[in-house]
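> Show me how the following folds:
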Amino acid sequence: MKSARFVFNFDSEKEAKIIAETLNPEIKHKIPKTDIKISLEGSKFTLEISTKDISSLRAACNSYLRWINTALKVKKTV
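Numbering: from 1, shown residues only. The predicted structure follows:
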């Protein structure tokens with residue numbers, strides 16, 4: 001298994017929770033060949049991605065990081 005782990009430290013617990021909730025629909029629809037785990041500890045948000053091959057890992061990382069970036073941009077705009 002190939003895996004990647006991303007840890008984000010937000011300014012507040014509320015901000016971390018908003019990002020986690022934003023990703024829930026994407027996690028439910030699942031990207032083929034991937035296993036996604038998220039966790040919250042206060043203002044720390046952790047995203048873990050596991051796949052069978054490196055190309056699937058790259059694709060999943062790109063997708064999830066883009067969705068997080070989009071959520072942060074929307075939050076900043078609102």
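
> who touches the residue lying closest to Met1 once chain neighbours are set aside in this structure?
Nearest residue to Met1 in three dimensions, chain neighbours excluded: Ser50, at 5.2 Å (C-beta to C-beta, 6 or more residues apart in numbering). C-betas here are computed from N, CA, C, even on glycine. Contacts of Ser50 were listed using C-beta atoms under 8 Å, 6 or more residues apart in numbering, and they are 1-3, 34-37, 57.

> what's the answer for Trp67, then?
22-23, 26.

> Show me which of those residues are buried.
22-23 (16 or more other C-beta atoms under 10 Å).

> thinking again about what came up before, did I read that right, the residue nearest to Met1 in a strand?
Yes. Counting by DSSP: H, G, I helix; E, B strand; the rest coil, one finds Ser50 located in a strand.

> What about the contacts of Ser50, which are in strands?
2-3, 34-37 (DSSP state E).

> Quick one: neighbours of Ile49, just the number.
24 (other C-beta atoms under 10 Å).

> Look up which residues are beta-bridged to it.
Ala4, Ile36 (DSSP bridges).

> close enough to count as contact, it and Ser3?
Yes. With contacts counted by C-beta atoms under 8 Å, Ile49 reaches Ser3, the gap being 6.4 Å.

> Good, we can wrap up now.
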